[in-house]
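[1] Quick one, structure for this:
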Amino acid sequence: MTGVGPTLQITGIWVPTSLWFPATGLAVEVKVPTELLSTPVGKTAELTCTYSTSVGDSFALEWSFVQPGKPISESHPILYFTNGHLYPTGSKSKRASLLQNPPTSGVATLKLTDIHPSDTGTYLCQVNNPPDFYTNGLGLINLTVLVPPSNPSCSQNGQTSVGGSTALRCSSSEGAPRPVYNWVRLGSSPTPSPGSMVQDEVSGQLILTNLSLTSSGTYRCVASNQMGSASCELTLSVTEPSQGRVAGALIGVLLGVLLLSVTAFCLIKFQKERRKNPKETYGGSDLREDAVAPGISEHTLRADSSKGLLERPSSASTVTTTKSKLPMVV
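    Below is the predicted model of the structure:
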């Protein structure tokens, strides 16, 4: 057969390639900057995106955003352009717009006003122009929002006596790029010996070892990045170890006095209770009025009681009390 262009054989049938592949216009090609984009907080960012294709009725543009460290599949839309209309959406919709609207002349740049720290992340510029699906229609832009360091907080942990060690810490809750920290000692006091002060600019920690009385003073931490700096101060007081021993001895004396006071109170209370409830006791030499002498029976006493007289035995006898059994001569 003549007059037919290139053909493709499918299951024994030759089909012209012009019928197999649909006709397409220019290939969709999206271009974005390769360098990282950074914008100070509160300013306006322009995310440049250009494309080349033959815009048709099915042309569509989409901008979306994904947070740092997350996959592109978790991106959230910012705005759409389709069917000749622009549709902002999502949490950034009030601050997002296109540099050119409609974006049909090859420019799809996104403008984002009043930049927030949370705007840091990856932005996706995607152009679709069916039936052209066979080229790269996606561009990625990484944006970093520059934030000055917030006021850092200073803290101290460790021993503050002579010969001990302590750590001073400093940290800012905000700052991009991440702040670096530098500790300085204020005043004209002697500078600590080399090796006794070691600081980490990344973590913001200052280690002081082999403390002496001259280590006392005010220390300032400065957090800084390319957007600015902020600082906090901390006063360190180093004490003699003997002061701690004196304090311990004083506490011991106070506890001893308290114990003695409680003991004396209990004794006084016990004596008062004893006086209120006295107990009857008999001494070893006391005679009971109802005691009966040996040799005299109760029958004799009853018999003689009618006479009103109790005769005394002539012979000496031993009288024993009911309590002590001690001999006594009458």
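[2] and Asp119, what pLDDT?
    pLDDT recorded at Asp119 is 97.
[3] same question, the one 5 residues further on
    In the prediction, the pLDDT value recorded for Leu124 is 97.
[4] how near is it to Phe65?
    Per Cβ to Cβ, to the nearest Å, Leu124 is found 7 Å from Phe65. (Glycine included, C-beta is placed from N, CA and C.)
[5] and the closest residue in space to Val32 that isn't next to it in sequence, helix, strand or coil?
    Once flanking residues are discounted, Val32 sits nearest to Gly139: 3.5 Å by Cβ to Cβ, 6 or more residues apart in numbering. Classification of Gly139 by DSSP: H, G, I helix; E, B strand; the rest coil places it in strand.
[6] now do the same end-to-end measure for stretch 111-128.
    Length of stretch 111-128, first residue to last, Cα to Cα, to the nearest Å: 20 Å.
[7] doesn't Thr122 make contact with the residue nearest to Val32?
    No: Gly139 sits out of contact with Thr122 when judged by Cβ atoms under 8 Å, with a separation of 10.7 Å.
[8] Of those two, which one has the most company?
    More neighbours surround Gly139 than the other of Gly139 and Thr122, with 21 against 17 (other Cβ atoms under 10 Å).
[9] ok, now which ones touch the more buried one?
    Applying Cβ atoms under 8 Å, 6 or more residues apart in numbering, we find Gly139 in contact with 30-32, 49, 124-126.
[10] Strands of the stretch 51-200 of the chain, start to end?
    60-66, 76-82, 85-88, 96-98, 110-112, 121-128, 138-146, 153-158, 166-171, 180-185, 197-200 (DSSP state E, counting those that start in this stretch).
[11] which residues does the nearest residue to Glu62 once chain neighbours are set aside bridge with?
    Nearest non-adjacent residue to Glu62, counting by Cβ to Cβ, 6+ apart: Gln126, 4.8 Å away. Counting by DSSP bridges, Gln126 forms beta bridges with Glu62, Leu138.
[12] Return the alpha-carbon coordinates of stretch 85-93 using PDB.
    In PDB, the C-alpha atoms belonging to stretch 85-93 read as follows (Å, rounded to 0.1, in the frame of the first residue of the first chain):
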ATOM      1  CA  HIS A  85     -10.900  30.900  36.700                       C
ATOM      2  CA  LEU A  86      -8.700  31.100  39.800                       C
ATOM      3  CA  TYR A  87      -9.700  29.200  43.000                       C
ATOM      4  CA  PRO A  88      -7.600  29.900  46.100                       C
ATOM      5  CA  THR A  89      -8.000  27.200  48.800                       C
ATOM      6  CA  GLY A  90      -6.500  26.100  52.100                       C
ATOM      7  CA  SER A  91      -5.100  28.000  55.100                       C
ATOM      8  CA  LYS A  92      -2.900  30.200  52.800                       C
ATOM      9  CA  SER A  93      -5.800  31.200  50.500                       C
END
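[13] Could I get the buried residue list for that stretch?
    Neighbour counts over stretch 85-93 (16 or more other Cβ atoms under 10 Å) mark 88, 92 as buried.
[14] Give me the distance from that stretch to the chain's centre.
    With Cα atoms, centre = their mean, to the nearest Å as the basis, stretch 85-93 stands 37 Å off its chain's centre.
[15] who's in contact with it?
    Stretch 85-93 has contacts (Cβ under 8 Å, 6+ apart) with 65, 76-81, 94, 96-98, 101-102, 112, 119.
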